[in-house]
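Student: need a structure here:
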Amino acid sequence: MTQSAQIRTLEGRVALVTGAGGGLGRGIALALAEMGAKVVIAARRGVTGEETAALIRAEGGEALALEVDVTVLASVQAAVGAALERFGGLDILVHNATHGASGHPKQLEAFDDQDWDDQVAVDLAGAHHCALAAFEALRGSDAARAVFLCSAFGLHGAALNPAYAAIKGAIRGLTKALAREWGPFGITVNAISPAALTSAAEAFFASNPALYQDYLGKFPLGRIGHERDDVGRAVAGLCGPGMGYVTGQIIQVDGGLYTAV
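Tutor: Alright, predicted model coming up:
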């Protein structure tokens, strides 16, 4: 067990993480559990959610896996209800779910209305649904935290990815607005803009080693972040007791990749 795993700053807390069936969501869920939180795994496919829950249980943590469609408010409400029923409360909300097409470059003229709406439904409307569904439960916590996944693309723009840039820019605005709205209830609201080597990125770079070296060279720290150890633990830290006075912030967790923003 690592030293970080022994400092269980989230002991007794309950977290709900969307898009936690793999990738960054899985890394975040594992890190939250490592710090002592009981984690509700909200995944589009139940089997992948169960895989994440099994990893948490194998490390001695508590997890509940649910099949959740964040594009449907009732589905997210049911997940919050399950968290309350199973674990007795909700202290942490992490909206990580992202449409599968969000990371694929595509020029604006190639988008039709359905392409655009599909991404907005998961990434942005999903954030709205999570906020609506979780607010009352978070208001009942004495240390409530909400964290949204953002991107530097939402600040500096993203060539060939206008929908993703627009959505993440909107997430920035939502984060700041909710920080103001929910502050009087003691709920902090922040977002992180991560850079991590997901399994999908690893597969891509394996076929394009020259591109990997070029990308790696852009990181001042000389490495690309890890889903759990870097991004997940940053989220866990942001949800911890020492960060209760931080709200309305967009935090770059990217090894210095976007030092210009």
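
Student: switch to C-alpha atoms for all contacts and neighbour counts from now on
Tutor: Fine.

Student: and the strands in the stretch 151-261 of the chain?
Tutor: 188-194, 250-253 (DSSP state E, counting those that start in this stretch).

Student: pick the most deeply packed of these.
Tutor: A comparison of those by mean neighbour count, using mean count of other C-alpha atoms under 10 Å, puts strand 188-194 on top with a mean of 25.

Student: now it: mean pLDDT?
Tutor: Taken as a whole, strand 188-194 has a mean pLDDT of 96.

Student: and it, which strands flank it?
Tutor: Strand pairing for strand 188-194, determined by DSSP bridges: strand 145-149 (parallel), strand 250-253 (parallel).

Student: out of the ones you listed, nearest to His99?
Tutor: With C-alpha to C-alpha, the closest approach to His99 among those belongs to strand 145-149: 12.5 Å.

Student: burial measure for Gly100, as a count.
Tutor: 10 (other C-alpha atoms under 10 Å).

Student: give me the pLDDT for it.
Tutor: Looking at Gly100, its pLDDT is 81.

Student: in TSV: the strands of the stretch 151-261 of the chain, plus distance to Asp69.
Tutor: Listed next are the strands of the stretch 151-261 of the chain as TSV, based on distance: least, C-alpha to C-alpha, whole Å:
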stretch	distance to Asp69
strand 188-194	21
strand 250-253	25
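
Student: and Gly19, which of those strands is closest to it?
Tutor: Smallest distance to Gly19 across the strands of the stretch 151-261 of the chain (C-alpha to C-alpha): 15.0 Å, for strand 188-194.

Student: can you tell me what sits against that closest one?
Tutor: 144-152, 172, 175-176, 178-179, 182, 231, 235, 244-254 (C-alpha atoms under 8 Å, 6 or more residues apart in numbering).
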